[in-house]
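Visitor: Predicted model and sequence below, questions to follow.
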Amino acid sequence: MTCLQVDGRMFMAQCQVSLNVPMWREVAPGCLSSELQQPPLNTPLVDAQI
């Protein structure tokens, strides 16, 4: 699981496989906080509605 930022929206996503194709599926709105100063992944090709 990781925090993704897509179209200015941040959410927790999990890597899953659908029809033998790996994809990121949204599992929770928002992101978990951490003291690590790591920027969120910029993934403009992820379709959050899948």
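Guide: Yep, it's here.

Visitor: Tell me which helix or strand in this protein has the weakest average pLDDT.
Guide: Sorting the helices and strands of the chain by mean pLDDT, DSSP states H and E puts strand 41-42 at the bottom, at a mean of 61.

Visitor: Now do the helices in this protein.
Guide: Applying DSSP state H to the chain gives no helices.

Visitor: which stretches of it form strands?
Guide: Here the chain has its strands, by DSSP state E, at 2-6, 9-18, 21-29, 41-42.

Visitor: Just say which of these is most tucked in.
Guide: strand 2-6 (a mean of 17; mean count of other Cβ atoms under 10 Å). C-beta: built from backbone N, CA, C; applies to glycine.

Visitor: Sheet partners, orientation included, of it?
Guide: Pairing partners of strand 2-6, with direction, according to DSSP bridges: strand 9-18 (antiparallel), strand 41-42 (parallel).

Visitor: For it, list the C-alpha coordinates in CSV.
Guide: What follows is strand 2-6, C-alpha atoms only, in CSV (Å, rounded to 0.1, in the frame of the first residue of the first chain):
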residue,chain,number,x,y,z
THR,A,2,1.1,3.6,-0.7
CYS,A,3,-0.2,7.1,-0.7
LEU,A,4,-1.0,8.3,-4.3
GLN,A,5,-1.6,11.9,-5.5
VAL,A,6,-3.8,12.0,-8.6
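
Visitor: so that strand versus strand 21-29, what angle?
Guide: For strand 2-6 against strand 21-29, the angle by axes from the mean of the first three to the mean of the last three Cα atoms, to 10 degrees is 90 degrees.

Visitor: coming back round to it: confidence-wise, which of the strands paired with strand 2-6 is weakest overall?
Guide: Per-stretch mean pLDDT for those is lowest at strand 41-42 (a mean of 61).
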